[in-house]
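Q: Build me a structure from this.
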Amino acid sequence: MKFTPRNVDRATVFDVDTKEQLKQVLMVNTETGSVVVAKQPLRLNHKGSVERETIHFDAIHPIYGGGTKPCLFHCYGRHS
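A: The predicted structure follows:
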């Protein structure tokens, strides 16, 4: 399932292997194991959209914490 700011409020995305919280997350896709983040430093492309990069993982697990929307995502097996 795809998660974006439209269907998830302020969820933390955490790379479990590196023990790192991912910043500026724009989209999480649990089916493809991908996380789209804004490039740092934040910049716009020639069309005025935020430049992005995609990080791939072997598995992404949404954690709901008792609510109807995920509050946390654990990502495992980051690909270089």
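Q: okay, CA-based contacts and neighbour counts for the rest of this
A: Fine.
Q: tell me the contacts of His74?
A: The contact partners of His74, taken as C-alpha atoms under 8 Å, 6 or more residues apart in numbering, are 13-16, 60-63.
Q: all strands of this protein, in order?
A: Under the criterion DSSP state E, the chain contains strands at 2-3, 12-15, 20-21, 25-29, 34-38, 52-63, 72-78.
Q: TSV for these, including mean pLDDT?
A: Listed next are these as TSV, based on pLDDT from 0 to 100:
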stretch	mean pLDDT
strand 2-3	96
strand 12-15	98
strand 20-21	98
strand 25-29	97
strand 34-38	97
strand 52-63	97
strand 72-78	98
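Q: In terms of distance to Leu44, which of the contacts of His74 ranks first?
A: Val13 (22.9 Å; C-alpha to C-alpha).
Q: ok, that closest one - contacts?
A: Per C-alpha under 8 Å, 6+ apart, neighbours of Val13: 21-23, 25, 72-75.
Q: Tell me the one of those residues nearest Leu44?
A: Val25 (15.5 Å).
Q: what's the closest non-adjacent residue to the closest one?
A: Distance criterion C-alpha to C-alpha, 6 or more residues apart in numbering; nearest residue to Val25, sequence neighbours excluded, is Val37 at 4.4 Å.
Q: and the residue located most distally from the centre of the chain, how far is that from Arg78?
A: For the chain, the residue at maximal distance from the C-alpha centroid (C-alpha atoms, centre = their mean) is His46, at 23.8 Å. Applying C-alpha to C-alpha, to the nearest Å, the value for His46 to Arg78 is 30 Å.
Q: One more: Ile55?
A: Taking C-alpha to C-alpha, one finds Ile55 at 7 Å from Arg78.
Q: can you check Arg43 too?
A: 24 Å.
Q: One more: Gly65?
A: Applying C-alpha to C-alpha to Gly65 and Arg78 gives a distance of 24 Å.
Q: Please identify which of those two sits among more neighbours.
A: Taking neighbours as other C-alpha atoms under 10 Å, Gly65 and Arg78 compare with Arg78 leading, 16 against 10.
Q: wouldn't that one be in contact with Val35 here?
A: No - when contacts are counted by C-alpha atoms under 8 Å, Arg78 is not listed as touching Val35 (10.3 Å).
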